[in-house]
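J.: With the sequence up front, the predicted model follows.
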Amino acid sequence: MELLNIIRRMALRENLPLREIARQTGMSRNTIRKYLNAGTIEP
């Protein structure tokens, strides 16, 4: 679940595009998009 925090930080704070986040994490763009649209926040 730490990966979710990393993805959210890249997208919201660093304003990286989905393609760049996918390249850095090794995940697909669809998965990144799904995580960002879910809106769940870790405690």
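T.: Cool, the structure landed.
J.: pLDDT (mean, whole number) over stretch 23-36?
T.: Mean pLDDT, stretch 23-36: 93.
J.: what does it rub up against?
T.: Contacts with stretch 23-36, where a contact means CB atoms under 8 Å, 6 or more residues apart in numbering, come from 3-4, 6-8, 10-11, 16, 18-19, 21-22. Yep, even glycine has a C-beta here, placed from its N, CA and C like the rest.
J.: could you check the distance from the residue nearest in space to the middle of the chain over to residue 30?
T.: When CA atoms, centre = their mean is applied to the chain, the residue found nearest the centroid is residue 7 (2.7 Å). Going from residue 7 to residue 30 by CB to CB, to the nearest Å gives 13 Å.
J.: in the helix or strand where residue 36 lies, what's buried?
T.: Assigned by DSSP states H and E, residue 36 falls within helix 29-38. Neighbour-count burial for helix 29-38, with 16 or more other CB atoms under 10 Å as criterion, is recorded at 32, 35-36.
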